[in-house]
Structure formats: C-alpha cells, structure tokens
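Enquirer: Please work out how this folds:
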Amino acid sequence: MEDNVLVPNILGTWIDDGGSGIFVSWTFKSNKTGNERLVVSYNGVTLSDYTMDFTYTQHGNYVNFKNEKKEWTYDVTVTGNYMRLGNAEDGYFELTKQ
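Expert: Below you'll find the predicted structure:
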C-alpha cells in the first residue's frame with residue numbers, strides 16, 4: 001500500500017517582482033518542461049534578459065531539474081498562490097502565482 005503524499009501543484013507561471021530591478025519567473029508545464037526567466041533592469045532599461053529551459057520531475061516536496069548543462073534539486077512548498085522554491089546552497093525564491 002502506498003503512502004499518501006501531498007504533492008504541491010506547481011503548474012503555471014510563478015513570479016518574483018521584487019521591485020529592485022530584478023524580475024524572476026518560473027514556468028512549469030504539464031508535459032514536465034519549463035523555464036526560468038531572469039530580467040535585470042535599471043531606470044526602465046533592460047540590462048539583461050535570460051531564459052533557461054529545463055525538464056523536471058516532482059517527487060513530493062522536491063523538484064529535480066535537468067538541462068543540457070546540469071542537474072539540480074530544489075525544495076518546493078506551495079500555500080495558496082505562494083511558492084517557496086530553492087535549497088540551502090542556491091537560496092530560495094519567494095514566488096507568487098501569476
């Protein structure tokens with residue numbers, strides 16, 4: 001018999017617009033692909049706009065990511081429209097569902 005594990009619903013786009021000129025979004029699609037987008041701007045001018053594509057698998061409160069350069073695992077918790085994503089090494093993203 002399997003244990004019932006509550007798996008957070010991470011599908012959709014989650015954003016952190018901290019207002020300090022750094023915008024981060026994470027998008028998770030149902031086909032287990034997604035992307036992270038990072039935009040850095042100053043005085044309304046975009047200095048950097050970077051998107052990283054990945055595939056992912058979710059195991060309870062952990063998400064395993066993979067792209068052509070690396071593999072990594074983040075903890076994930078979802079409460080309503082709020083997501084905390086990350087780990088002790090890389091830090092945590094505080095995201096809101098878009």
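Enquirer: who are the neighbours in contact with the spatially most central residue of the chain?
Expert: The chain has residue 26 as the residue nearest its centroid, 4.0 Å off, counting by CA atoms, centre = their mean. Neighbouring residues of residue 26 by CB atoms under 8 Å, 6 or more residues apart in numbering: 13-15, 34-37, 83, 85, 93, 95. The C-beta positions use only the backbone N, C-alpha and C, and glycine is treated the same way.
Enquirer: Would you mind measuring from it to residue 61?
Expert: Look at residue 26 and residue 61: by CB to CB, to the nearest Å, they are 16 Å apart.
Enquirer: Same check on residue 82?
Expert: Distance from residue 82 to residue 61, by CB to CB: 14 Å.
Enquirer: List the contacts of residue 16.
Expert: Residue 16 neighbours (CB under 8 Å, 6+ apart): 22-25, 93-96.
Enquirer: Could you do residue 76 as well?
Expert: Each residue near residue 76 by CB under 8 Å, 6+ apart is listed here: 8, 10, 58, 61-63, 83-85.
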